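> next one to model:
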Amino acid sequence: MTVQSSTDHRAAPTSATDPEAADLEVDPEVVESLRSLSDEETPDFFRNLVEEFRHHAELRLAELRHAAAAGDAELIYRSAHSLRGSAGNLGARSLSSTLAELQDLGRSGRLLGAGELLERAVGSYQRAIDILARYGS
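Numbers count the residues shown, from 1 in each chain. Below you'll find the model as predicted:
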């Protein structure tokens, strides 16, 4: 299942058009460190890692949508926490930062603004996965 956003992301930064903006989305040092783990025996290591992240992220984003609709603060906290860790491990800076805010909302039990943060997280995810996929190609 792909999470869709109602926000228009056509103007999202890409490493080809705006390397500085792309570096704000994804930490190139983290990516290069992970890419360096590929070798003759595991040439697709990074590409597989990105695909695993994509799968995990889409599940967690779907959980977050459900939790926001249901007003389930605990599920928002747990899902945001899980996805934040994965995003941070891949260097997805903007996504990790937005998820930290969602995690804090879930922890507090006050969900005012959770929908807007979730849409921001979806946009950050879409930009990050595009950038990570380019690194993996």
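> and Phe45, how many neighbours?
16 (other CB atoms under 10 Å). Where C-beta positions appear, they are placed from N, C-alpha and C, glycine not excepted.
> for the residue lying farthest from the centre of the chain, list the residues it contacts.
Most distant from the centre of the chain: Glu40, at 28.6 Å, with distances by CA atoms, centre = their mean. By CB atoms under 8 Å, 6 or more residues apart in numbering, no residues touch Glu40.
> burial of Leu111, as a residue count?
Neighbours of Leu111 using other CB under 10 Å come to 18.
> okay, it: pLDDT?
At Leu111, the model reports a pLDDT of 92.
> ok, now the one 5 residues further on?
If you check Glu116, the pLDDT there is 94.
> re the thing from before, for the residue farthest from the centre of the chain, helix, strand, or coil?
coil (DSSP: H, G, I helix; E, B strand; the rest coil).
> ok, it to Ala73 distance?
According to CB to CB, to the nearest Å, Glu40 and Ala73 sit 48 Å apart.
> surely Arg84 and Asp104 touch.
No: between Arg84 and Asp104 there is no contact under CB atoms under 8 Å: 10.5 Å.
> tally of neighbours for Arg65?
Neighbour number of Arg65 under other CB under 10 Å is 17.
> state the phi and psi torsions of Arg110.
In terms of degrees, to the nearest 10, the main-chain angles of Arg110 are phi -100, psi 110.
> ugh, typo on my part, it should be Val26
The phi/psi pair for Val26 (degrees, to the nearest 10) reads phi -130, psi 130.
> what about the residue nearest to it when sequence neighbours are not counted, neighbour count?
Nearest non-adjacent residue to Val26, counting by CB to CB, 6 or more residues apart in numbering: Ile131, 4.7 Å away. Ile131 sits with 25 neighbouring residues when counted by other CB under 10 Å.
> which residue ranges of the protein form helices?
Remark: helices assigned in the chain by DSSP state H are 19-25, 28-35, 45-70, 73-89, 93-108, 114-136.
> average pLDDT for stretch 55-65?
96.
> off-centre distance for it?
10 Å (CA atoms, centre = their mean, to the nearest Å).
> contacts for it next, please.
Outside stretch 55-65, the residues that reach it (CB under 8 Å, 6+ apart) are 1-3, 75-76, 79-80, 82-83, 86-87, 102, 118, 121-122, 125, 129.
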